[in-house]
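Undergrad: Need coordinates for the following:
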Amino acid sequence: MADVITTPRERHKPPAPPRTGRVAGLLAEFDSPEALKDAARKVREAGYTRWDAHAPYPVHGIDAAVGIRQTRLPWVVMGFGTLGCVTGLWLQWWTNATSYAQYPGVSTFLQGYDLIVSGKPFWSLPANIPIIFELTVLFAAAAATFGMLLANNLPLFSQPVFHCRRFMRVTTDGYYITIDASDPRFRAAPTADFLLAMHPVAVEQLEEPHTPAATPPVARRTFLFLSLLALIPLGLIAVARNSKSATPRIHPNQDMDNQVKYKAQQALPRFADGRAMRPPVGATPEQPLGLTVARGELYED
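TA: Below is the predicted model of the structure:
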């Protein structure tokens, strides 16, 4: 079979790009969206599964003709969004409302730390809503992005149809159907005859382009340059950590770096125990958390 099978209605015959001889599929060109929809319906009814229809703009009714089903991506996004919501809720409860005494078998760096902050309760749902919201959006957005890429077999940097000169008109006024050679029903000659029976403008055989298997030298040099560039910040950090300087640290924000206060673990002779951190008010053996931790509910009447 020749590379290009023409009909009397063919409008042009572009030169063929370099070939390797390995058949990648067939391309059929049509002259109107109605002809494209009719051909797509026939291809679907014939039992082909690895094929697609291409047009320069959305064609009304093409989804039904191709047999495109409703995407499952919204369910994936909802599932991961729910997972992000539960993760944010659990993470804040674990870090703020649990202590090492409750779960002694957990590794130190995974233990929670229930801090007393201005007498507020260890666990309060309204205070945790922002983090829950952020993780819900983060998980859902990541699921939408990567789910779309996986569902469309992306990234895919090369397609045989992109090397076909005839297909370049798909962004202007061309309407095409491509059938992949990996389709179980694909046979070069019978499939070409099947497409010719639909009276297309032309049917062209797609072949794998001749491209070297090795990574292009430009890509290798670019990767090496970026890798060396990324080592510069790491080198500066290593030098700063392992050297001494006669000049003080730079403090762009003095109000945040140099506040008139005592840190929690500092000594303070002003108090009898010599510590800057104060114990809870009213702390007793029976009430180790003192009287400042909120308990129960507040009713205003």
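Undergrad: any idea how this structure splits into domains?
TA: Partitioning the chain according to automatic domain parsing yields domains covering residues 4-70+153-209, 73-135.
Undergrad: Of these, which is nearest G274?
TA: For these, the distance to G274 is smallest for domain 73-135, at 20.8 Å, taking Cβ to Cβ. Every residue, glycine included, has its C-beta placed from N, CA and C.
Undergrad: Of the domains of the chain, which stretch is the most buried?
TA: Mean neighbour count (mean count of other Cβ atoms under 10 Å) peaks for domain 4-70+153-209 among these, with a mean of 16.
Undergrad: which non-adjacent residue is nearest A127?
TA: In space, and not counting its chain neighbours, A127 is closest to K120: 7.7 Å by Cβ to Cβ, 6 or more residues apart in numbering.
Undergrad: next structured bit after the worst-scoring helix or strand of the chain on mean pLDDT?
TA: Lowest mean confidence among the helices and strands of the chain (mean pLDDT, DSSP states H and E): strand 4-6, at a mean of 53. Remark: after strand 4-6, the chain's next helix or strand is strand 19-30, criterion DSSP states H and E.
Undergrad: quick one: contacts of that following strand?
TA: Residues outside strand 19-30 that contact it (Cβ atoms under 8 Å, 6 or more residues apart in numbering): 3, 36, 39, 160-161, 164, 166-167, 174-181, 186, 188, 191-192, 195, 198, 200-210.
Undergrad: CA atoms of stretch 266-283 as CSV?
TA: The C-alpha trace of stretch 266-283 is given here as CSV (Å, rounded to 0.1, in the frame of the first residue of the first chain):
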residue,chain,number,x,y,z
GLN,A,266,15.8,31.4,79.3
ALA,A,267,16.8,32.1,82.9
LEU,A,268,15.2,35.0,84.8
PRO,A,269,16.4,35.8,88.3
ARG,A,270,13.3,37.9,88.9
PHE,A,271,11.3,34.8,89.8
ALA,A,272,12.1,32.5,92.7
ASP,A,273,12.6,29.4,90.5
GLY,A,274,14.9,31.4,88.2
ARG,A,275,12.9,30.5,85.1
ALA,A,276,11.3,32.8,82.5
MET,A,277,8.6,30.3,81.7
ARG,A,278,5.8,30.4,84.2
PRO,A,279,3.8,27.3,85.4
PRO,A,280,0.0,27.2,84.9
VAL,A,281,-2.0,29.3,87.2
GLY,A,282,-3.4,27.3,90.1
ALA,A,283,-1.5,24.1,89.2
